[in-house]
Structure formats: C-alpha cells, structure tokens
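Colleague: Got a predicted structure here, sequence first:
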Amino acid sequence: MEQFFKISGTLADVFMGIALTIAVIKFNLFNKKEKWYIYYAIFVFCVEILLFFKLKWKNELLYPIYIAGEFFLLTGVYIKKLNFKNYYFLLSGIVSLAILTYSQLFDFPQNDYSKAISNIIIVTFISYSLLQEIKISKKKDDFLLIDIIAFLYYLVSIFIFILKQQLLKFDHSHFYIFWIINNTLTAVFYFTFLYTFLKLKK
C-alpha cells in the first residue's frame, strides 16, 4: 500500500512538472486571467518539490503556507475568471493571513480543519464559476476541464481532511487506502493541467 501511495504522489508531481514546462513554452498564449492557473500550478509544484526532499520543518511551517497560498491563488483564479471586483482579493488575502495566524495559535492537527474550511470556500467559487459557464457562456472555455476536476478534487478532499484524525485510528492498510485515493485524484487533477496546457491554441 505504501508503494502505491508513493507512486501515485510521484506521478502527480511528474504531471505537474511537465505541465509547467509546457506553460513556460506557451506562456504568451495565456491571457491575464488564464495566467492565474499557471501561478497556482507553480506554487503547488514548488511545495510538492519541498515535500519530496522531506525537510524537517515541512509540517510545522510548510503546511499552513501551502493551505494559505493555495487558497489565495485558487480563489484568485476564479475572482479573475468571474470578473469580481478587486476587493475580493483583499478578502481572500485576509482569509489567507487568518489561516497562517490560526496555524501558529493551535496544534498542527487543527490545520486539517482550516484546510477543510478553505476547501469549502474554494469549492463554492468553483461551483459558482461552473454554473455561470453553463448559464451564460457562449464561447468554449479551454480551462473548463480543469474547473470540473478541481471541483471534484476539492470536494472529496473536504471529507478526507475533516475525517483525517479519525482515519489515523485505522490500521495502516486502511489509512493508506484513503491517501492513495487522495493522491490518485491529485494525479488526475494535475494531469488536466498538462492536457489543457498542451491542447491550448489561440
């Protein structure tokens, strides 16, 4: 089980690494709104690389930074995409700082709940964006597949992080099943970046 867990995680990193290579090559094809997908991808890939090297301080420092940064950049994707006012970025930044502050005040396991809450907000943004796409968009959205998979990925992860402490009570084989599912979804999510960036034409 542990091997499947590691393989699925590594595969996800490979997909995102290739996706970013394609993004660099095709950078000029992305408009200002679409470049936020690249910013998000760069951030999560950098975090994944740091996790790969198993730094001693990764959980205590990197995890809350990851939650806050992921929240700000991914909400930024949909703030731009939905043409929301710029003050939404201020609100997103305040929430991100609140996540960082919360992580310093409480024990590490409590960050799982802040991760679940941030994911709920992210899912809300994505679902609203998808609804708008269905209702009013007449032009094909090249990034629709990413949005759909992102919605599924973050929806499932809400339950995983809410139940994480309970999952720790199971034996290792059952525990790894949940994280293999999470890593597999991550790999699929990152592959949609690779596929979308590869297919992008203007």
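Modeller: That came through fine.
Colleague: Any buried residues in the longest helix along the chain, and which?
Modeller: Of all the segments of type helix in the chain, defined by DSSP state H, the longest one is helix 172-199. By neighbour count on 16 or more other C-beta atoms under 10 Å, the buried set for helix 172-199 is 175-176, 178-180, 182-197. Every residue, glycine included, has its C-beta placed from N, CA and C.
Colleague: and the gap between Phe189 and Lys139?
Modeller: 24 Å (C-beta to C-beta, to the nearest Å).
Colleague: So for Lys58, what's the pLDDT?
Modeller: pLDDT for Lys58: 55.
Colleague: check contacts around the residue nearest the centre of the chain.
Modeller: When C-alpha atoms, centre = their mean is applied to the chain, the residue found nearest the centroid is Glu70 (5.8 Å). By C-beta atoms under 8 Å, 6 or more residues apart in numbering, the residues touching Glu70 are 40, 43-44, 118.
Colleague: Tell me how far it lies from Ala41.
Modeller: Relative to Ala41, and taking C-beta to C-beta, Glu70 is found at 11 Å.
Colleague: swap in Phe178?
Modeller: Distance from Phe178 to Ala41, counting by C-beta to C-beta: 25 Å.
Colleague: for Tyr154, same thing?
Modeller: Distance of Tyr154 to Ala41, computed by C-beta to C-beta: 15 Å.
Colleague: before we move on, what about Gln132?
Modeller: According to C-beta to C-beta, Gln132 stands 23 Å off from Ala41.
Colleague: Next: Lys140.
Modeller: Per C-beta to C-beta, Lys140 is found 21 Å from Ala41.
Colleague: got it, and Leu97?
Modeller: When C-beta to C-beta is the yardstick, Leu97 and Ala41 sit 23 Å from each other.
Colleague: out of Lys140 and Ala41, which sits in the busier spot?
Modeller: Under the neighbour definition other C-beta atoms under 10 Å, Lys140 and Ala41 were set side by side, and Ala41 has more, 21 against 7.
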